[in-house]
Every structure is written in structure tokens, then in C-alpha cells.
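Chemist: using only what follows, build the 3D model:
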Amino acid sequence: MLQDPPVAAPTADRRTSSPLGLLVYAAALTTYLVLFGLPKQPWLIVAWFWLALIAKDVRKPWREHVRFWRDWWLPVGLLVLYTYSRGLADQLGFAVHVTEPIRFDRWLFGGTLPTEYLQQHLCGNPCRRSEPPRWYDVGLTTVYYSHFFVTPVLAAWLWLRDRMMWIGYMRRYMSLCAVALTGYVVYPMAPPWMAAHQGAISHGVARITGRGWYDLGHSGGATGQQKLSAVGNQVAAMPSLHTALALFVAIFFISRLSSPRRWLLLLYPAAMSFLLVYYAEHYVIDVLAGYAAVAVVMTLWALWDRRGQRLVEPVPVVVPEERTAQTTSTG
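Modeler: Here you go, the predicted structure:
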């Protein structure tokens, strides 16, 4: 559990900003992106964030840069553990479930499987990955890959602005990853595209997640997919962590903003949920399980925070009325 030591996040001093350091950082990051593609691992994004802080304040003493890891070593360690445990979760001997989610989705939608319906109407019948993307595929693919950046980038931004809010954010973030990992171990499940390969649903269903970026040259083939992949687990589907983290981010900031427009943030998890079903990455039941995970985690941490507030609130001292009266009379 993340603790609350009285150490504030260091703030950047504009007098120590180094244009040369930022230029070197930009060149290094560009080289990395060209050679290895976009980093999907959250811990790697945090590492690049730390290097950005060093580049901006390169003349600060090194010990001040190392202080960064006082706060980040535990979250980064947990993210690394999650990443590699997720990759091994399908090798622990549990049977892969194929038909149960199909039956549930058909029951929920009156016999229609949403993934089949969406691909027939939005992609084609059969749906082929090699076909040119539609205009909406570009936006949906972008939303899909935002999953790997939005949560850690917002964590870094919160760390700079409000450390206490960052602690609450990271506790919930780590808890959702733990819930998802538990699901992947206990209930490995074939996503729709894999079920199609096994003949459990229509062979016209295809995994077209990266189709929107084909024209941009980022995911047109195996090489592109490898550049955008982390330690994979093809049956890590229940619950959908893409859905859970998108909804978590929206709710976390909706609860802390006052503008009526804050509710527009719900468009992010809505778009994420839609594309996951359309792209044959998840069933609707996976999405609903992601929603349920967010509800449980947010509720439990809210109760924990209220308990903590009660413990630190000063207890008022009440003087009994009779004793007060006696003291007044003897005086």
C-alpha cells in the first residue's frame, strides 16, 4: 500500500531549466520511438517521465533526481510485476473458457452476438484486416492505444501537481490491475477473435484493432504489432482492463471537477467499450466485468478514505454539565 510520508513532490525550478538537456532528451526519445515503437509498458513510460525531469533540471544535484524514486519505486515495481505476471497467467493450468461468454452475450442481446453484428455492419462480411480502414477506424484505434498512455501520464501529472491526490489515484490504479490479474489467472477466456479461429463463432469475425493506423504505417503487419505490444497474454480478457481504466480515469476526475462539462469524460470509456466489442477484443460481459471492478475498487477505497479521515479528526472534549455547575458554585 502506498504510504503518506511528509515528502512533497519536487517542483521544477525554471532557473535550472536546460534547453540543451531537453533537446538531447527529445532526440533520445525520437530515436527510441523509431527503433522500438511506442512504449506500452507503464513502468517504461514512468522511466521516460523521470528522464524528462532530469533533462529539464539537469543542473540540479543528482541526489535530488534520485528522490523521485522515493515515491515511484513501489508503483513501478508493482507495474513490472503485473506486466510479467499477466504474461504468465495463461500458463498456470486453468482451462481456457470459450463458449460461456458467447452464450451470455447472445442471451443479453436476444440471440445476436454484438461483435458479429458490429463487424458485419461497420467492417464487412467477412471482415478483413487487409481492407482499407474506414474514417471511424482511425479514431477508434487511437482511443484503443491511448489505454497504454493515459493512465500513467495522468499519474505523472498528478504527482507534479498534488501528491496526496496522486496517492489516491495510484492506490486505485494498482488495485484495478490486481483485480484484473486475478481474473486472468482464475478465469482465462478466449476473446471473440480467438473463438472465431476455433470455430465457436462466425469465421467472418476478425481482430482489426490496429486497422485504423494501417495508412500511418504503425500497425499494418506483424512488425507493427510487435512494436506496439508488451508482454502478451491472448486469453487475458476477463475483466477488460482497457474498459476498467478508462472508466476509472473518467470517474476519478469527474468526482474532483466542478464544471458541468466534466461529464463529457464519460465519452472516453463509452468509446473504449464500443471499440473493444467491435474490434473483437472483448465480449460485452468482459466490459461489464470491467465496470464492476471499478465500482468495487472505488467504493472500497472511498470507505477507506472516510475511515482515515475519522481517525485523524480531533475528538471534541465535552465537560459534563453537573461538574461544570459544581465548579461554578464552589468558585
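Chemist: low pLDDT regions in the stretch 51-200 of the chain?
Modeler: Within the stretch 51-200 of the chain, the segments meeting pLDDT under 70 span 86-93.
Chemist: looks like residue 248 contacts residue 294 (just checking).
Modeler: Yes. Residue 248 is in contact with residue 294 according to Cβ atoms under 8 Å; the separation is 5.2 Å. The C-beta positions use only the backbone N, C-alpha and C, and glycine is treated the same way.
Chemist: overlap of the contact sets of these two?
Modeler: Common neighbours of residue 248 and residue 294, counting by Cβ atoms under 8 Å, 6 or more residues apart in numbering, are residue 176.
Chemist: between the two, which one's more packed in?
Modeler: Neighbour count, other Cβ atoms under 10 Å: between residue 248 and residue 294, residue 294 has more, with 26 against 23.
Chemist: can you pull the contacts of that one?
Modeler: Each residue near residue 294 by Cβ under 8 Å, 6+ apart is listed here: 176, 244, 247, 248, 251.
Chemist: need phi/psi at the third one.
Modeler: Meaning residue 247. When quoted as degrees, to the nearest 10, the phi and psi of residue 247 stand at phi -70, psi -40.
Chemist: what's the closest non-adjacent residue to it?
Modeler: The shortest distance from residue 247 to any residue other than its chain neighbours is 4.0 Å, reached at residue 269 (Cβ to Cβ, 6 or more residues apart in numbering).
Chemist: which residues does the helix or strand harbouring that neighbour contact?
Modeler: Following DSSP states H and E, the helix or strand that holds residue 269 is helix 267-278. Applying Cβ under 8 Å, 6+ apart, the external contacts of helix 267-278 come out as 114-115, 118-119, 122-123, 139-141, 143-144, 147, 192, 240, 242-243, 246-247, 249-250, 281-284, 286-287, 290.
Chemist: quick one, the next helix or strand after that helix and helix 267-278 angle?
Modeler: The C-terminal neighbour of helix 267-278 among helices and strands, as given by DSSP H and E, is helix 284-312. Helix 284-312 runs at 150 degrees relative to helix 267-278, counting by axes from the mean of the first three to the mean of the last three Cα atoms, to 10 degrees.
Chemist: give me the mean pLDDT for helix 284-312.
Modeler: The predicted model gives helix 284-312 an average pLDDT of 88.
Chemist: am I right that residue 157 sits in a helix?
Modeler: Yes. Secondary structure assignment places residue 157 in a helix (DSSP: H, G, I helix; E, B strand; the rest coil).
Chemist: how many residues are close by the nearest residue to residue 207 once chain neighbours are set aside?
Modeler: Ranked by Cβ to Cβ, 6+ apart and with sequence neighbours excluded, the top spatial neighbour of residue 207 is residue 193, at 3.6 Å. The burial count assigned to residue 193 is 20, neighbours taken as other Cβ under 10 Å.
Chemist: now for residue 193: which residues touch it?
Modeler: Remark: with contacts taken as Cβ under 8 Å, 6+ apart, residue 193 is in contact with 205, 206, 207, 280, 281.
Chemist: thank you, goodbye.
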